[in-house]
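Engineer: give the three-dimensional model of this entry:
(one chain, ligands or ions: 2)
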Amino acid sequence: MVTTLDHSVKDDLLRALKNAKQNDESVIVSHIIEVEKVNPLNFFVAGERIYFGERFFWSTPADNFTIVGLGNEIIFKNKLKTSERFHSIDKQWRRFKKYMTKKSINKIGTGPLLFGGFSFDPMKEKNELWGSFPEAKLCLPTIMLTVTEGKTFLTINKLIHPFDELEKCIEHFTLYEQRFQRLNNKIDCEKGHEFSIEELHKEEWLHAVEEATKNIREKQIEKVVLAREVLLKFEDTINVYSVLNRLQEEQPTSFIFALENGNKCFIGATPERLVRKEENSVLSTCLAGSIRRGEDEREDELLGVELLTDRKNLIEHNIVVKMIIDSLKLCCNDLAVPEQPSLLKTKNIQHLYTPVKGNIKRGYSLLSIVERLHPTPALGGFPKVAAVHQIRELEPMHRGWYAAPIGWLDYNDNGEFGVAIRSGLIENDEAVLFAGCGIVKESQPELEYMETEIKLKPMMSALGGVNNESK
Ligand SMILES: C=C(O[C@@H]1C=C(C(=O)O)C=C[C@H]1O)C(=O)O
Ligand SMILES: [Mg+2]
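Structural biologist: Numbers count the residues shown, from 1 in each chain. Ligands and ions are numbered 1, 2, ... in the order given. Next up is the predicted model:
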């Protein structure tokens, strides 16, 4: 067959095949090209026919950076119940990096990278809702779109096995290069439909908050985050594209994510970064303590000031700051942390926010930091082990991947993980949404309940359209 592919790919493939044969191990070949501007959602939609169930979408606040992946070229997953679930992914990825064919374009977020996430608590007994989600799963996409610094790139990956034929491999690259450029497919983004809401275990949740405050007063723990879930039922299959589209429009200060796992799509708009690593620089953020947005600018400002000076919220927040500093101290130098929190505002809520920066010490990887931080007291509590134990006992639901790390890492160990909150799990005509809040000594169950109502709004609105927003 005639190919328009540049020669470097053929050379790369020949080298990869030689490597694969010599070592009797498969090798990754990754080809990157700069392409014309493509709407990332178009790209996600274009993968439906072939890659339904194997797609992801990730964009950072203010649309700075977007990656969309189609197809699981390689899957790294495990059911490990210890911190090995993080290290094991590192180990598997390292083995591929050894023979990975070098890429021509050197932009962070292009070329071979893994996207995926982890469960919140591997010790929690599995339930039906989350049964198909492993404790850790990260995938190398077959094709990926990257939008970064105003430029658009296409990465095509292929796993080359020792006995693959050169021609077939070339065909893979040519085909995808042609198929996924200049997409002008129509996206059906009609408004969401009516849905019914089923509150799951409201009374048990309120009771759990009471129990938790009692345990905190008795000094068993300092803080614990308790979450609840609601079930939304629709008349038709939920249109994931329209949900993603609305999340992008309505939550510009959040990370927008979607991750398909078979028939299920885990989707959300989280304002909370767990950690970003770019070469040696590490950035983590403490986000805890919340208040609603005001009806107008003046009220909004007053509410912000109230939050910045509120004792209960400052306690909630400071526990997170202290733990993140303590965790990063061991693996980072030159930690820089502002003295006071500032505000991070999303469409529906404002939070106390403290960034923590540092430089990673030699020998530590991005996933080793993820492992160290997860769960921070913003999602788990403090002390960590006791808090997670209480969540396991008290919470009337299964978190699955909610509130757990989700994100990506590349072959140079650059990457970013957020915590998967303001999220839901969609399957056909049903969506289960999750929201939680930090319980401290001063917590009052009804007020915390109200806080979770606000945190459900981004997904409610994205699923239901404007008319359903106030429900
Ligand atoms: C747990 C959630 O949010 C967390 C809890 C917060 C709080 O209690 O103030 C604030 C931000 C998040 O760290 C959630 O949105 O589900
Ligand atoms: Mg709170």
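Engineer: neighbouring contacts of the host helix or strand of Gly418?
Structural biologist: Element membership of Gly418, judged by DSSP states H and E, is strand 415-419. Contact partners of strand 415-419, identified using CB atoms under 8 Å, 6 or more residues apart in numbering, comprise 60, 113, 117, 255, 257, 270, 272-277, 366, 370, 374-376, 378-379, 403-409. Heads up, the C-betas are built off the backbone N, CA and C, glycines and all.
Engineer: identify those among those that sit within helices.
Structural biologist: Leu366, Val370 (DSSP state H).
Engineer: direction included, what does the strand holding Gly418 pair up with?
Structural biologist: Applying DSSP bridges, strand 415-419 is found paired with strand 273-278 (antiparallel), strand 405-410 (antiparallel).
Engineer: need those strands in TSV (columns: mean neighbour count, distance to Cys331 and mean pLDDT).
Structural biologist: Converted to TSV, those look like this (neighbours: other CB atoms under 10 Å; distance: least, CB to CB, whole Å; pLDDT from 0 to 100):
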stretch	mean neighbour count	distance to Cys331	mean pLDDT
strand 273-278	22	11	98
strand 405-410	24	16	97
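Engineer: ok, the closest residue to ligand 1 within the stretch 151-300 of the chain to Leu154 distance?
Structural biologist: Nearest residue of the stretch 151-300 of the chain to ligand 1 (CB to the nearest ligand atom) works out as Ser290 at 3.6 Å. As judged by CB to CB, to the nearest Å, Ser290 and Leu154 stand 40 Å apart.
Engineer: repeat for Pro445
Structural biologist: 51 Å.
Engineer: and if you look at Glu177?
Structural biologist: From Glu177 to Leu154 the distance is 7 Å (CB to CB).
Engineer: likewise Glu54?
Structural biologist: 17 Å.
Engineer: check Phe120 too.
Structural biologist: Phe120 is 34 Å from Leu154, by CB to CB.
Engineer: which non-adjacent residue is nearest the residue nearest the centre of the chain?
Structural biologist: In the chain, the centroid-proximal residue (CA atoms, centre = their mean) is Ile406; its distance is 2.9 Å. Distances taken as CB to CB, 6 or more residues apart in numbering place Gly117 nearest to Ile406, at 3.7 Å, with adjacent residues excluded.
Engineer: now do the shared contacts for Glu177 and Leu154.
Structural biologist: Ile33.
Engineer: who's in contact with the one residue in the stretch 101-250 of the chain that gets nearest to ligand 2?
Structural biologist: Residue nearest to ligand 2 within the stretch 101-250 of the chain (CB to the ion): Val225, separated by 8.4 Å. Residues in contact with Val225 (CB under 8 Å, 6+ apart) are 375, 377-381, 387, 391, 403, 436-439.
Engineer: neighbouring strands of the helix or strand of the chain with the lowest mean pLDDT in the sheet, and parallel or not?
Structural biologist: Of all helical and strand segments in the chain, the minimum by mean pLDDT, DSSP states H and E falls on strand 195-200, at a mean of 86. Paired strands of strand 195-200, with direction, are strand 223-234 (antiparallel) (DSSP bridges).
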